[in-house]
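[1] sequence and predicted structure are below.
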Amino acid sequence: MTKGLSLDKKSALRVKLPEAVRVLVLDDDPKRLEWFRGSVCESTGNAPTCCTTVDDLIRELERGEFDVVFLDHDLCWQDAAYSERKHGNGKEAARYLAWMGFKGMDIIHSVSEEGARVMKSCLPQASVTPFGTFELETVISPNLISTENGDHR
């Protein structure tokens with residue numbers, strides 16, 4: 001896990017991101033991606049790398065290093081059955097992150113409870129924070145990392 005990342009529960013969950021942290025987002029909803037682009041850039045000073053398919057996510061992970069990965073489960077939300085056959089879903093992304101031994105912070109932001117549960121089984125260290133229940137916040141002097149349950153790493 002990267003120093004300075006934390007999840008802090010208040011009225012809305014706050015995901016604290018240090019400046020210059022490298023963020024990768026897997027989601028296919030244009031409105032969510034727009035929110036991530038604006039919020040991550042505002043919090044870190046850097047635009048996130050956004051992927052709409054598992055194949056894109058894997059390519060980006062192979063090209064560079066990331067500190068935080070936000071994962072959605074249901075991709076191609078207009079036709080989930082087609083998407084799973086053609087592009088995979090968040091479960092495949094979670095399996096890949098587990099296989100590669102990803103050391104950063106995994107945040108499952110899927111609103112699908114079943115999808116989040118399946119992804120969490122692949123990534124037990126991941127935080128499950130459904131989209132719409134958290135805000136991003138900048139941390140200037142990061143000291144430690146805490147997960148949503150208060151554990152520190």
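    Okay, I see it. Please read these numbers as outputs of a predicted model, since none were measured by experiment.
[2] residue 20 and residue 109: what is the separation?
    The gap separating residue 20 from residue 109 is 22 Å, by CB to CB, to the nearest Å. Glycine gets a C-beta too; all of them are placed from N, C-alpha and C.
[3] more neighbours: which of these two?
    A count of neighbours by other CB atoms under 10 Å puts residue 109 above the other of residue 20 and residue 109, at 24 against 10.
[4] next, the residue lying closest to residue 115 once chain neighbours are set aside: phi, psi?
    Leaving out its chain neighbours, the residue that sits closest to residue 115 by CB to CB, 6 or more residues apart in numbering is residue 73, at 2.8 Å. With angles defined as degrees, to the nearest 10, residue 73 sits at phi -100, psi -60.
[5] same deal with residue 53?
    Backbone torsions for residue 53, taken as degrees, to the nearest 10, come to phi -130, psi 160.
[6] wait, it sits on residue 89?
    No - assessed by CB atoms under 8 Å, residue 53 is found out of contact with residue 89, at 9.7 Å.
[7] name the residues contacting each of the two.
    residue 75 (CB atoms under 8 Å, 6 or more residues apart in numbering).
[8] who has more neighbours out of those two?
    Each of residue 53 and residue 89 has its neighbours counted (other CB under 10 Å); residue 89 has more, 24 against 19.
[9] listing request: residues of the chain with sub-threshold pLDDT.
    1-16, 76-87, 133-153 (pLDDT under 70).
[10] that one: strands as residue ranges?
    Ranges of strands within the chain are 6-8, 13-18, 23-26, 49-51, 68-71, 105-108, 127-128, 134-139, based on DSSP state E.
[11] list the contacts of residue 97.
    Counting by CB under 8 Å, 6+ apart, residue 97 touches 61, 69, 71, 106, 122-123.
[12] closest to residue 46 out of these?
    residue 69 (14.5 Å; CB to CB).
[13] tally of neighbours for the nearest residue to the closest one once chain neighbours are set aside?
    Take residue 69 and drop its neighbours on the chain: the residue closest to it by CB to CB, 6+ apart is residue 24, 4.7 Å away. Other residues lying near residue 24 total 25 when counted by other CB under 10 Å.
[14] residue 24 and residue 47: what is the separation?
    In this view, residue 24 and residue 47 are 11 Å apart by CB to CB.
[15] among the contacts of residue 97, which one has the most neighbours?
    residue 71 (29 neighbours).
[16] pretty sure it sits against residue 110.
    Yes - with contact defined as CB under 8 Å, residue 71 counts as touching residue 110 (7.0 Å).
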